[in-house]
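**Student:** Give me coordinates for this.
(chains A and B)
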Amino acid sequence: MKFTLSWLKDHLETEADVHQIAEAMTMAGLEVEAVHDPVAVLAPFTVAKILSTARHPDADRLQVCQVETVDGLKEIVCGAPNARPGLTTIYAPIGAYVPGLGVTLVEKPVRGVVSHGMLCSASELELADESDGIQELPPEIPVGTPVAGLFGAEPVIDFEVTPNRPDWLGVAGIARDLAAASVGTLKHFDIAVVRGAFPSPISVRLDAPEMCPVFAGRVIRGVKNGPSPAWLQKRLTAIGLRPINRLVDVTNLIAYDRARPLHVYDMAKLSGTEIVVRGGLTSAETGEPEHLIALDGKTYAAAPSDCVIADAGGERPIGLGGVMGGESTGCDEATTDVFLESAWFEPIVIAQTGRTLGIHSDAQYRFARGVDPVSVTPGLELATRLILDLCGGEPSEIVFVGEPPASPAPFAFDPAYVKRLTGMELSDDRIGTILGQLGFLVTAGGADQAEPWTVTPPSWRRDVEGRADLVEEVARIEGFAALPNTPLPEVARAPGGVLSPRQARVRIARRALASLGYAEAVTWSFTKQSTAVLFGGGDDRLVLENPIAADLDCMRPSILPNLVQAAARNAARGHADAALFEVGPVYLNDQPNGQRTAISGLIAPHPDRHWGGTGEDALFDLKADLFALLEEIGAPVASLQLAQGSNQSWWHPGRSARLQLGPKNVIVEFGELHPRVLKALDADGPMLAFEVILDAVPEPRGKGGKARGAADLPNLMPLSRDFAFLLDEAKAVGDLTRAVAGADKALIAEVRVFDVYRGQGVPEGQKSVAIEVEIQPRAATLTEAEIEALTAKVVAAAAKAGAVLRT
Amino acid sequence: MTDLAQLELDLINAIGAAESVAAIEEVRVAALGKTGAVSALLKGMGALSPDERREQGPIINGLRDRVSAAIVAKKAELEAAELDARLLAERVDLTLPSRPRRKGGVHPTMQVMDEMIALFAEMGFAVAEGPDIEDDFHNFTALNFPPKHPAREMHDTFFLKPDPETGERKVLRTHTSPVQVRTMMSQKPPIRIIAPGRTFRKDSDATHTPMFHQIEGLVIDRDIHMGHLKTTLETFIARFFELDDVNARFRPHHFPFTEPSAEMDIRCDRSGGKLTLNEGEDWLEILGCGMVHPNVLRNCGIDPDEYQGFAFGMGVDRLAMLKYGVSDLRPMFEADTRWLAHYGFSAFAAPNPASGLS
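**Tutor:** Residues are numbered from 1 along each chain as shown, chains lettered A, B, ... in the order given. A predicted model of the protein is given here:
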């Protein structure tokens, strides 16, 4: 919403300048977006007179002018063909900022001749869209006159109207709030009733009172349309509106002055004598909605939920009620008789029509937010007066159909509630004064109520429905600077911290992975549906109806595709060796319990070459990182089973595994991603990854507080024995080591694999696995016989796991 | 009788001539070993008469001691020389690079999230969470957005496709306020929570991304008023930006779910392309807040005649940008490893009251 300072001053007696007004608006809740002050912009420019001109010695098109200016006689180089002796024009001194050119003038030679300033056109000062040569001013204007005053330029304020305050869509409403905020005194006008000279020849029928409960209008005969007078044109253009003709300009003026939209129909173009207000019609035969060409020249299909104004007995649509009139009955220069409409349309209907038809207008904007229903008749009278003044003519009586919606109901109010809700100490007088200035009616409460006051909101404040709304009115006008400083009461802190165990684990996981060398990424919660399908998702119920882009149309079932694509983007930039992680949501379904927290890491193993040779298989580095992570978040690592060969389809079948507490309780899958999936995502492999579903990881059981059990620190030296076993290729080394560790749980402290060998001496299809068993004596040093017995148990346990001792 | 003097001279010469630990060991064996020359002399003493033994004993023992000492000394000398030589041979070029270790980091949004949680935890706020996919009731209706109200349009909501059976259209939450609703519906006042999380709006330009992060707060009790709101937020913002104090103002605004509603601005200076807080002529909008609307309380089963309180919400990514000088929002979600390395935080920069926030 834009308005000019002079327009505001029509409604508000004030000495405040535009910046003080903008500040007061901001602090009263009218958020100023911009103050455009052409007076300040034009300040350097003054009137000057060219005394003589001479051809520039080195340029045919340039002239060297001797100019009488506010700064004395100046030599100025000018390229305008109309620069001539005796011309009164505009002078810009060195140092001035020329807004239309976006430059600040500096003293420099123009083809060898120094120009001591500039002669300007209207467009260079942004006073006109285009100019032909420098500005020509009447010769009687004295040299040195400020240009700003000549063009009537004045400050414009642009501010954001919050959806609850449609009354701010009129300058009068802004003035009311500013007066309450002590910026000035509100000027009250009485809107005079214009007596009708004859009955309205046009009648109105309301077929859709749920869309349009009240409709008033009158005919004005014998008007003379044409361009509006300069003051009206200037008022509209100053806020960016295009003057059209007197009749239309009057309705626009009142829309912006009073937040009261109106419409004028050219009576000569109306068919019949009745205006019908109804919902849009659909053809009984074809099911096609009716169509209408609106004033913007576009064709719209009116649905039954749109409000249509029709003539010809209700047959022909001639406007979308409260939104835009139709082209067929619009007023032009030839119009002599008009029907002037002032109605009230249901905000939800108008908002919906605006949304579904994509049609926006000043009227639609206002009706969608809610126009003052009591302004129907005064708006009509005010418009009549202006039309009669500008166009002449003779008005009919008013035709008024329907009932305006009820005004806001009175309710009980205790002024002490201001303090209770805001902490601000204000006297009842002050509270009453503020409410009164804003148009609220404050009376003593009835005998049957506890609260001392009864407050009736004004008809234009349909947003006010209760006492909290009144507190807001009082607080914002008094100013939030008056809020007290009150610390929250101390509360006992949660002894174990405020985070839930899950939240604490997320935090630990993040820091653990960062310390393991993974960079944390945050990626979209959405992906492409076809990508989601690759990772086990893509359910239609997780597809967005209105995605921001076609490749972000589905909620992700996994973080991995996002990390794969991120690594691929990094590779495309020449940084292939990515190590990324993300802790975030994945979506199984659209229910509140269908969201899981995943901890996902990805390595694109492309290490730079190193003089020390390549390291070991990066997959085992990833496995080590994963186990370090699981240890940190308190997962039951010792109980986890590692299952290979049963991973989901996006994993490399031979180089991936899952960790589980049972076949139905998988907590993580890890390994190399399937090359087919990487190819589908346009990513170069290999890529290694893991995805932990945090919700599946059991929380550590709290066993009687934080104290730890006694430490196990045996005094006896551990000893170790090495074994080499032959094992079928298909058998897992992990199963062998687990069997060996179980051979004597009391004595065997650890089992380490120190060699896996295939080749000479090992039968085809088998591997030799060398393990070191660490034995921790407990009660006494072991005798040879005891060690022998243990060795035999190890060999037997290994044999059960299918391993044969190498001899 | 062996010429003892000659023997000693020969042995001393042999010791002196030895050039390696092995050579000196040979000399030792030849002199002091089981069959060595000196050992033979010592053995021969048994055959001597007591008088001869008294005379020869000290001489032979003296010879043995001197030879033995010379061998030990020479051996030590040779060992030291050999160690020196070996160590010299073991020299490596330590200018060679070690195997590079990847450097990880914490994303700035998440670092700031941790910072904010730490600050609010100190003020007694618990952390509440809720789902990203919400229904219309929790995201809008309960929060006093009337159905079809224009305020809903301002949220640029993402919708999921309608459920084929029920026709219900789920939304991606446009704010974390549904978590406030869920908390109020499941928990009796007093309530003091923050709700951090992902939020979604269909908007994408230099300062908007379709996904971003919010932290909202909610305090409900019998006597909580706007003075508490003001002090809580000023304290928080000062601590978050690590300032002694904050030069802030509260400006009336409109939100459907609060009444009165406000936005909080901090005084700032943007001259020279650099943001300085607490001084200058400009104001920087930081967050939105207000007293919870009685309709919201009622919708969540709380009696507004008995309880009242405040709520606030702020954009975590934006505050991360302001605090840590990140100029552009969009790279925050692009996972460019160079960007993450530059703006990321050490794993060990977890906020705590002793060492600070980052």
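
**Student:** pLDDT weak spots in the chain?
**Tutor:** As the question left the chain open, I've gone with chain A. Within chain A, the ranges that satisfy pLDDT under 70 run A:702-704.

**Student:** Can you look at chain B instead?
**Tutor:** In chain B (pLDDT under 70), the answer is B:1-2, B:149-151, B:153-155.

**Student:** ok, which stretches of it are strands?
**Tutor:** B:126-127, B:133-134, B:171-172, B:191-200, B:211-221, B:248-255, B:258-269, B:276-277, B:282-292, B:308-315 (DSSP state E).

**Student:** hey, which of those strands is tucked in deepest?
**Tutor:** Of all the strands of chain B, strand B:133-134 carries the top mean neighbour count, a mean of 26, counting by mean count of other Cβ atoms under 10 Å in any protein chain shown. Using the backbone N, CA and C atoms, a C-beta is placed for each residue, glycine as well.

**Student:** just checking, what packs against that strand?
**Tutor:** strand B:171-172 (3 or more Cβ pairs under 8 Å, 6 or more residues apart in numbering or on different chains; DSSP states H and E).

**Student:** what about the nearest residue to A:T145 once chain neighbours are set aside, distance to A:T69?
**Tutor:** Leaving aside its sequence neighbours, A:T145 sits nearest to A:V47 (Cβ to Cβ, 6 or more residues apart in numbering or on different chains; 4.3 Å). From A:V47 across to A:T69, the span is 9 Å (Cβ to Cβ, to the nearest Å).

**Student:** Tell me the spacing between whichever residue of the stretch 1-150 of chain B sits closest to chain A and A:I318.
**Tutor:** At 3.2 Å from chain A, B:R102 is the closest residue in the stretch 1-150 of chain B, using Cβ to the nearest Cβ. In this view, B:R102 and A:I318 are 72 Å apart by Cβ to Cβ.

**Student:** more crowded one of these two?
**Tutor:** Neighbour count, other Cβ atoms under 10 Å in any protein chain shown: between B:R102 and A:I318, A:I318 has more, with 24 against 16.

**Student:** what's the helix or strand the more buried one falls within in contact with?
**Tutor:** For A:I318, the enclosing helix or strand under DSSP states H and E is strand A:316-320. The contact list for strand A:316-320 (Cβ atoms under 8 Å, 6 or more residues apart in numbering or on different chains) reads A:263, A:265, A:270-271, A:280, A:290-292, A:294, A:300, A:302, A:306-311, A:325-326, A:328-329, A:353, A:357, A:359.

**Student:** quick revisit: doesn't A:G517 make contact with the residue of the stretch 1-150 of chain B closest to chain A?
**Tutor:** Yes - in terms of Cβ atoms under 8 Å, B:R102 counts as a neighbour of A:G517; the distance is 3.2 Å.

**Student:** what does the stretch 151-300 of chain A put close to chain B?
**Tutor:** Residues of the stretch 151-300 of chain A that fall close to chain B, judged by Cβ under 8 Å from any Cβ of the partner chain: A:162-165.

**Student:** got the phi/psi numbers for the residue of the stretch 1-150 of chain B closest to chain A?
**Tutor:** Main-chain torsions, B:R102, degrees, to the nearest 10: phi -70, psi 140.

**Student:** Pick out the residue of the stretch 1-150 of chain A closest to chain B.
**Tutor:** For the stretch 1-150 of chain A, Cβ to the nearest Cβ, closest residue to chain B: A:G29, 3.1 Å.

**Student:** Next up, the contacts around that residue.
**Tutor:** A:G29 neighbours (Cβ under 8 Å, 6+ apart): A:162, A:165, A:476, B:251-254.

**Student:** isn't the residue nearest to A:T145 right up against A:T88?
**Tutor:** Yes - assessed by Cβ under 8 Å, A:V47 is found in contact with A:T88 at 6.3 Å.

**Student:** hey, what's the residue nearest to A:T145 bridged with?
**Tutor:** Counting by DSSP bridges, A:V47 forms beta bridges with A:I90.

**Student:** and residue 158, what does it touch?
**Tutor:** In the absence of a named chain, chain A is used. Taking Cβ under 8 Å, 6+ apart, we find A:D158 in contact with A:1-2, A:32-36.

**Student:** ah, I was thinking of chain B
**Tutor:** A:544-548, B:171-172, B:200-202, B:210.
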